[in-house]
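Undergrad: Next one to model:
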Amino acid sequence: MFDDERFMSIALRLARRGLGNTYPNPTVGCVVTNSTGSIVGRGWTAMGGRPHAEVVALRRAGEAAAGSTVYVTLEPCCHHGQTGPCTTALISAGVRRVVIAALDPDKRVSGKGARFLADSGVEVKLGVLQQQAEELNVGFFYSKTKKRPFITVKLATTLDGKISPPSDGDRWITNELTRRWVHKQRTMHDGIMVGSNTVIVDDPMLDCRLPGLEKCSPIRIVIDRSGKLCSHHKVVATSDVVPTYIATDNDNHEALRAVRYLRIRERGDFLVETMNTLAEELGITRLFVEGGGVLVTELLKRRLVDQFMWCRANKISGSQGVESILNLDGLPAGHCHFSRVKTLTFMEDTVDIFQVLFASECSSAAAPA
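TA: Numbers count the residues shown, from 1 in each chain. From the prediction side, this is the model:
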């Protein structure tokens, strides 16, 4: 008797380890079990997207893969890229049965991998914990179906919704525990974005400074159409350490250190085209937006927010603070719905995580696990 859900849940936990480190590939988990139900191999997509989870798990299983059942969170690839197809590797290893959580939305695969396995005599089962698998790789699905990343906005505000701290001598709004949690969230995203005003005012590093996770910092993208960034800003000064991009439609920017430029050729809206470019040219699947107020407002008006993380400290700024969200003219009342997914507390700070649904999406949007 196969315990498919239990082994698939293990594969999903393995897949989570790759979040933010496998783009443009999805993060996949794989478990190989023998006839007695023992795990003989396991793997997840390596940093940079290769080797794939199936290859790692089969390598660890060795000869024990013959006659095994393999659990994989996303349909195995069947096309030749930089490496050979995972379907071929599974067949060559003598795998008897493959259980797949979700089909791959990539048109090069999308059902073909499962059919190839079945046509080769491998027993295939589809749809085990499918929803969880699609939620885990929601960014990859968005990049293939919506041609843009899954976009998470994070705001850190006072109780009255202001994004500048009160004048009490503390430069931070939230406490250290909340900030450490935010740094962990950064590692689970492919890219982090801010507007140029945030760089000018706050001069952030936009990296991960948790011990042992420094190399997991996402690439940095700054919206700077007017050439405001200068060589002394931290994101510029460290652009040879953490890949840093400026998104602009201005060809006259001064070259800054190792900064790379995303030249957005407007066929429509600048921000929409920027998100398309991030997905199609850089392979970004999960984007973490950390402000400021102008950028967040413009993203909401364009329906370019999928998840909202609101970090609130037990402080009030009053008239000294800066509004976190500005005028939302153009977004009709009732067209944006925030559905709370989770609430976390870090001492006296509160973090609410919302799924953001717009009028046309309320019945079909998916949120990450």
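Undergrad: Can you pull the domain assignment for the chain?
TA: 4-140, 147-216+269-361 (the TED database).
Undergrad: and of those domains, who's closest to Ala258?
TA: Shortest distance between Ala258 and the domains of the chain, using Cβ to Cβ, is found for domain 147-216+269-361: 14.5 Å. Quick note: C-beta positions are derived from backbone N, CA and C, even for glycine.
Undergrad: so where's the chain uncertain?
TA: 1, 80-83, 165-170, 333, 360-369 (pLDDT under 70).
Undergrad: and with 50 instead?
TA: 363-365, 369 (pLDDT under 50).
Undergrad: can you give me the strands for it?
TA: 29-33, 39-44, 69-74, 97-102, 123-126, 150-157, 191-195, 219-223, 244-248, 260-263, 286-289, 307-312, 336-346, 349-358 (DSSP state E).
Undergrad: related to what we said a few turns ago, can I get the domains of the chain in CSV including distance to Lys228?
TA: Shown next, in CSV, are the domains of the chain (distance: least, Cβ to Cβ, whole Å):
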stretch, distance to Lys228
domain 4-140, 28
domain 147-216+269-361, 4
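Undergrad: could I get the ones you listed as CSV with distance to Cys230 and mean neighbour count?
TA: Shown next, in CSV, are the domains of the chain (distance: least, Cβ to Cβ, whole Å; neighbours: other Cβ atoms under 10 Å):
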stretch, distance to Cys230, mean neighbour count
domain 4-140, 29, 20
domain 147-216+269-361, 9, 18
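Undergrad: Looking at the ones you listed, spot the one closest to Ala237.
TA: Counting by Cβ to Cβ, Ala237 lies closest to domain 147-216+269-361 out of the domains of the chain; the figure is 9.6 Å.
Undergrad: one step back: for Gly62, which of the strands of the chain is the nearest?
TA: Here strand 39-44 is closest among these (Cβ to Cβ), at 7.6 Å.
Undergrad: what comes into contact with the closest one?
TA: 7, 10-11, 14-15, 17-18, 27-34, 53-62, 64-65, 68 (Cβ atoms under 8 Å, 6 or more residues apart in numbering).
Undergrad: before we move on, what about stretch 219-232?
TA: Residues outside stretch 219-232 that contact it (Cβ under 8 Å, 6+ apart) are 190-197, 199-200, 206-207, 235-237, 239, 242-250, 252-254, 256-257, 259, 262, 270-271, 274, 278, 282, 284, 287, 295.
Undergrad: Tell me which of the residues you listed fall in helices.
TA: Within these, residues falling in helices by DSSP state H are 196-197, 199-200, 235-237, 270-271, 274, 278, 295.
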